[in-house]
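**Student:** no sequence on hand, only this structure:
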């Protein structure tokens with residue numbers, strides 16, 4: 001699918017920003033996500049390989065909500081380092097269109113300044129803290145992206161993330177939840193819990209070859 005095929009479905013400023021970034025053709029996972037209702041506010045669980053284009057799927061949903069005036073977006077990641085990486089990327093691409101914030105610091109602060117921002121990148125633990133501190137701006141969030149959502153199965157982070165998603169869906173009427181992961185063993189079950197359409201694809205930009213290394217030699221599976 002050519003990017004031009006969705007030109008009339010997304011805000012013009014978003015189309016221009018994505019085009020300037022060099023995107024001319026959508027990858028298979030991105031096309032499937034659009035066909036599954038991405039731009040109509042449907043919840044999605046996107047399970048595709050690394051570098052298959054999952055982040056742009058999230059960007060299309062989040063930025064469309066912001067630039068159309070529907071509301072804010074929150075992008076949840078598991079690690080502070082990843083949060084910083086995503087923040088820099090989003091700010092570089094969209095910083096002239098809306099305000100992007102990074103919130104990964106003090107877990108005992110309401111960070112009231114975030115009410116002035118449109119896209120907030122944070123960890124699950126930080127967002128949990130913001131909710132417990134009654135951050136009023138959260139009620140205007142229309143898109144929640146959960147990167148590495150398979151960590152729901154992780155003993156330490158999983159329970160926090162599960163409760164967080166549950167509370168967000170109860171608190172925010174009509175919120176769109178986008179879950180992203182390259183490794184989910186029970187994708188259908190998780191999609192059912194999220195009330196999400198499942199997007200699965202195995203395309204990757206670089207083909208993987210399986211082999212066994214022994215004594216300085218690799219025997220590849222045919």
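**Tutor:** Okay, I see it. These numbers come from a predicted model, not from an experiment.
**Student:** state the helix or strand in which the spatially most central residue of the chain lies.
**Tutor:** Nearest to the geometric centre of the chain sits residue 145, at 3.7 Å (Cα atoms, centre = their mean). Remark: residue 145 resides in strand 141-147, with elements defined by DSSP states H and E.
**Student:** run through the helices of this protein in chain order.
**Tutor:** Secondary structure of the chain (DSSP state H): helices located at 12-20, 28-35, 54-67, 80-94, 124-132, 158-171, 187-194.
**Student:** still on that earlier bit, pLDDT score assigned to the residue nearest to the centre of the chain?
**Tutor:** Looking at residue 145, its pLDDT is 98.
**Student:** cool, and the one 3 residues further on?
**Tutor:** pLDDT, the model's per-residue confidence, is 94 for residue 148.
**Student:** one more: the one 5 residues further on?
**Tutor:** Among the per-residue scores, residue 153 shows a pLDDT of 88.
**Student:** burial of it, as a residue count?
**Tutor:** Neighbours of residue 153 under the rule other Cβ atoms under 10 Å: 15. C-betas here are computed from N, CA, C, even on glycine.
**Student:** ok, it to residue 61 distance?
**Tutor:** In this structure, residue 153 and residue 61 are 24 Å apart, going by Cβ to Cβ, to the nearest Å.
**Student:** same deal with residue 88?
**Tutor:** Here residue 88 is placed at a distance of 20 Å from residue 61 (Cβ to Cβ).
**Student:** of those two, which one has the most company?
**Tutor:** Here residue 88 and residue 61 are set side by side on neighbour count (other Cβ under 10 Å), and the busier one is residue 61, at 25 against 14.
**Student:** for that one, give its distance to residue 163.
**Tutor:** Separation of residue 61 from residue 163 (Cβ to Cβ): 23 Å.
**Student:** quick one: closest of the helices of the chain to residue 107.
**Tutor:** helix 124-132 (4.3 Å; Cβ to Cβ).
**Student:** and the angle for the closest one with helix 158-171?
**Tutor:** For helix 124-132 against helix 158-171, the angle by axes from the mean of the first three to the mean of the last three Cα atoms, to 10 degrees is 40 degrees.
**Student:** show me what counts as buried in helix 124-132.
**Tutor:** Of the residues in helix 124-132, 124, 125, 126, 127, 128, 129, 130, 131 count as buried by neighbour count, 16 or more other Cβ atoms under 10 Å.
**Student:** tell me how far it lies from the chain's centre.
**Tutor:** Centroid separation for helix 124-132 versus its chain: 17 Å, with Cα atoms, centre = their mean, to the nearest Å.
**Student:** then stretch 51-66?
**Tutor:** Relative to the chain's own centre, stretch 51-66 is displaced by 7 Å; criterion: Cα atoms, centre = their mean.
**Student:** now do stretch 197-207
**Tutor:** 16 Å.
**Student:** that stretch: end-to-end distance?
**Tutor:** In stretch 197-207, first residue to last residue: 27 Å (Cα to Cα, to the nearest Å).
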